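K.L.:
Next comes the sequence, and after it the predicted model I'd like to discuss.
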There are 2 protein chains.
Amino acid sequence: MKSFTKAILTTSALLLVYGSAARADALRDTAMDYFQPVPATTPAQVDNPVTPEKVELGKALFFDPRVSASGVFSCNSCHNLATGGDDNLETSIGHGWQKGPRNSPTALNAVFNGAQFWDGRAEDLKAQAKGPVQAGVEMANTPENVTAMLKSMPQYVEWFDASFPDSDDTITFDNFAKAIEAFEATLITPAPFDAFLNGDDAALNEEERAGLELFMDKGCASCHAGVNVGGQDYYPFGLIEKPGADILPAGDKGRFAVTETVDDEYVFRAAPLRNVALTAPYFHSGKVWDLKTAVEIMAESQLGEEITDEEATKIVAFLNSLTGEMPEVVYPVLPAETAETPRPSGDVLVEDGNQQKLED
Amino acid sequence: MKSFTKAILTTSALLLVYGSAARADALRDTAMDYFQPVPATTPAQVDNPVTPEKVELGKALFFDPRVSASGVFSCNSCHNLATGGDDNLETSIGHGWQKGPRNSPTALNAVFNGAQFWDGRAEDLKAQAKGPVQAGVEMANTPENVTAMLKSMPQYVEWFDASFPDSDDTITFDNFAKAIEAFEATLITPAPFDAFLNGDDAALNEEERAGLELFMDKGCASCHAGVNVGGQDYYPFGLIEKPGADILPAGDKGRFAVTETVDDEYVFRAAPLRNVALTAPYFHSGKVWDLKTAVEIMAESQLGEEITDEEATKIVAFLNSLTGEMPEVVYPVLPAETAETPRPSGDVLVEDGNQQKLED
């Protein structure tokens, strides 16, 4: 009798396991139509071979505050690798304590985005890298000043020479951007979701799988797809129903500023969702701090769906499974300045074109 | 004949070697009266056992910008471990783009200073760590807000519990400061000068040794002594001859503000000189960018000596031998915020006691 019961229990358990495995396989098959796991190797970059020397140089540049006019901000200030690759601010604070126009996107896995910035105005990471350096509200610097800074330090000259062995003039603003791109291409964070896509059923628990299923069934995955679970294409914020001006301020028309096409008013790149649990506050305006609230707003504005609290909770559980493992980054030791290094200046350019000196 | 010549040459060479070795020994003996090499182990801290858990926690806190009210500045912003443990600015730029009153000292080897800050107002690193957090021109935060921030993140709670196993209430502002002290106690940079003191004649070349000899003979080592080649005692800036107000501004009376003793007017802690080649600009005012100029100013103002250009060059060569090897610091991955985490605010407290909102 005992062994008979045991046999039945074993069979049920086996059936459960097989049933569960079959369900996981079906879910994975559907998911693979929308998403791809991150690769285990660094993706190749257009016209920019990724070498170990260039990655190391790019890391130094990424962390070097002397890239900004004031000497205060590095790329890492707003794309902080310690806090999900962003700065956890509504919008970044930059040169002269000015507030930037849009929420800082994560640098993690940015290599998988179709284009860079919320409006996709930079075609790749090397084009993006040149933007904040020159933006008056961010680093407020010039390409000339950046290259003069780099050329003033023999250690940087050596590193650029090793990174661009085929160039005559190695320290250029283009090469500066290429080195940063090479480093950023290594910022890939494999997550439990990748393990699941790669065949590990146990990588996602039941709630996370239910969330993944909802994420596809409800239509979220129509825009947030691909390797980066978003970051590929452009959609109007408020496709079905415009959110309030507190979340979608009237002044920022998104991609319209790039294409000057009426259809692109309030159009933004669908946010890439890897590590989204680490990158509050949300949306280009940075006005929403809670991930579940952000999910509910998206459902309503983009899909015209009121989702239940339980559904939102499950979707958030799935989104948490996109939190990946950071690559180990050894903090760089940067080259020392020389007498030729341009001095930092916190002075702010005011409207009449004059400099307003930073007070002593 | 040939072998006779060879024998003479060999003897001369040996004499030279022995002579050189004897001279190096004599120089080392004199130097050991003034200086000590850095230890190979982390120095014990008063009432604060340095454990691996506490060092890791301290590192996280050191790099966490959420310690500042704005979410922009971490300890590492002004004490940047990538650039000699300081920020290479005249004086730091802080909350609301305000300029701090004094040049940011290096965090490297600060554990060997007799007391902290230019006026020695903090007796140790844990006392120091509480200062910038609360300074209106630096992080502009409060102890209450810092502990609320830390308590809001389960990962920080876990780390504090592991770091302070004997405390009931582990997340306190005191323990926050103790963890930072533990991390900073590990920031020791062994230099060629240490190798020389430890018996390696070849660690310093001839010019560097000549510089060391001058550094002691001229009297520099009377104030800049000990493990940290300074950082121990207090001396009037302009002991023999006051430098101009451009270098010694009248408004900053140094240690007078701490002791309120007339004798302490314009008295400052002798700067610790390890890694001095990396920490321009110099002096509490940060007004001098060139190390050789700084040496010449010191000779004149503190010793009443006009040193020759050659002497200054040799002393700078010696000072360069104080540039040490940075400990490897893996950039931390910080805990993620929760709904309870206080929101960052870049608002600035203005004179009437009201907050001036950071403009959108």
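P.N.:
Sure, I can see it.

K.L.:
contacts, neighbours, all on C-alpha from now
P.N.:
OK.

K.L.:
How confident is the prediction for the residue of the stretch 151-300 of chain A found nearest chain B, by pLDDT?
P.N.:
With Cα to the nearest Cα, the shortest gap between the stretch 151-300 of chain A and chain B falls at A:Leu278, namely 5.7 Å. Looking at A:Leu278, its pLDDT stands at 97.

K.L.:
Could you do the one 10 residues further on as well?
P.N.:
Each residue has a pLDDT score; the one for A:Val288 is 96.

K.L.:
from memory it sits against A:Thr279, does it?
P.N.:
No. A:Val288 lies out of contact with A:Thr279 (Cα atoms under 8 Å); the separation is 11.0 Å.

K.L.:
Neighbour count: these two, which is higher?
P.N.:
Remark: of A:Val288 and A:Thr279, A:Thr279 carries more neighbours, 25 against 18, as counted by other Cα atoms under 10 Å in any protein chain shown.

K.L.:
Hmm, A:Ala82 and the more buried one touching each other?
P.N.:
No. Taking contacts as Cα under 8 Å, A:Thr279 lies outside contact range of A:Ala82: 11.2 Å.

K.L.:
which residues touch the closest residue in space to A:Pro236 that isn't next to it in sequence?
P.N.:
Distances taken as Cα to Cα, 6 or more residues apart in numbering or on different chains put A:Val267 closest to A:Pro236, at 3.9 Å, once the chain neighbours are dropped. Residues near A:Val267 by Cα atoms under 8 Å, 6 or more residues apart in numbering or on different chains: A:119, A:234-237, A:253-256.

K.L.:
can you rerun that using 7 Å?
P.N.:
A:Val267 makes contact with A:234-237, A:254-256, according to Cα atoms under 7 Å, 6 or more residues apart in numbering or on different chains.

K.L.:
Now, these that are in strands?
P.N.:
Those of those mapping onto strands are A:234-236, per DSSP state E.

K.L.:
A:Phe268 against A:Trp118, yeah?
P.N.:
Yes. Contact criterion Cα atoms under 7 Å: A:Phe268 and A:Trp118 qualify, at 5.7 Å.

K.L.:
quick one: which helix or strand includes the spatially most central residue of chain A?
P.N.:
Nearest to the geometric centre of chain A sits A:Thr106, at 2.9 Å (Cα atoms, centre = their mean). If you go by DSSP states H and E, A:Thr106 is not part of any helix or strand.

K.L.:
Not counting its neighbours along the chain, what's nearest A:Ala140?
P.N.:
Closest to A:Ala140 by Cα to Cα, 6+ apart is A:Gln134, at 5.1 Å.

K.L.:
Need the overlap of contacts for A:Phe268 and A:Trp118.
P.N.:
Common neighbours of A:Phe268 and A:Trp118 (Cα under 7 Å, 6+ apart) do not exist.

K.L.:
picking up where we left off before, show me the contacts for the residue nearest to A:Ala140.
P.N.:
So A:Gln134 contacts A:140-142 (Cα under 7 Å, 6+ apart).

K.L.:
So what does it look like in phi/psi?
P.N.:
phi -100, psi -10 (degrees, to the nearest 10).

K.L.:
and what of A:Pro272?
P.N.:
Dihedral angles (degrees, to the nearest 10) for A:Pro272: phi -70, psi 140.

K.L.:
ok, it touching A:Val227?
P.N.:
No. Judged on Cα under 7 Å, A:Pro272 makes no contact with A:Val227 at a distance of 9.0 Å.

K.L.:
Chain A against chain B: which residues are in contact?
P.N.:
By Cα under 7 Å from any Cα of the partner chain, the residues of chain A that approach chain B are A:82-83, A:89, A:96-97, A:99, A:278, A:290, A:328-334, A:336, A:339, A:344, A:359-360.

K.L.:
mind listing which of those are in strands?
P.N.:
A:Lys99.

K.L.:
Just the buried ones among the residues of chain A next to chain B, please.
P.N.:
A:82-83, A:89, A:96-97, A:99, A:278, A:331-334, A:336, A:344 (16 or more other Cα atoms under 10 Å in any protein chain shown).

K.L.:
Could you identify the most distant pair in those residues?
P.N.:
A:Leu278 and A:Ala336 (33.6 Å; Cα to Cα).

K.L.:
mind listing what the residue of the stretch 51-200 of chain A found nearest chain B touches?
P.N.:
Proximity of the stretch 51-200 of chain A to chain B (Cα to the nearest Cα) peaks at A:Ala82, 4.4 Å away. Residues near A:Ala82 by Cα under 7 Å, 6+ apart: B:331-334.
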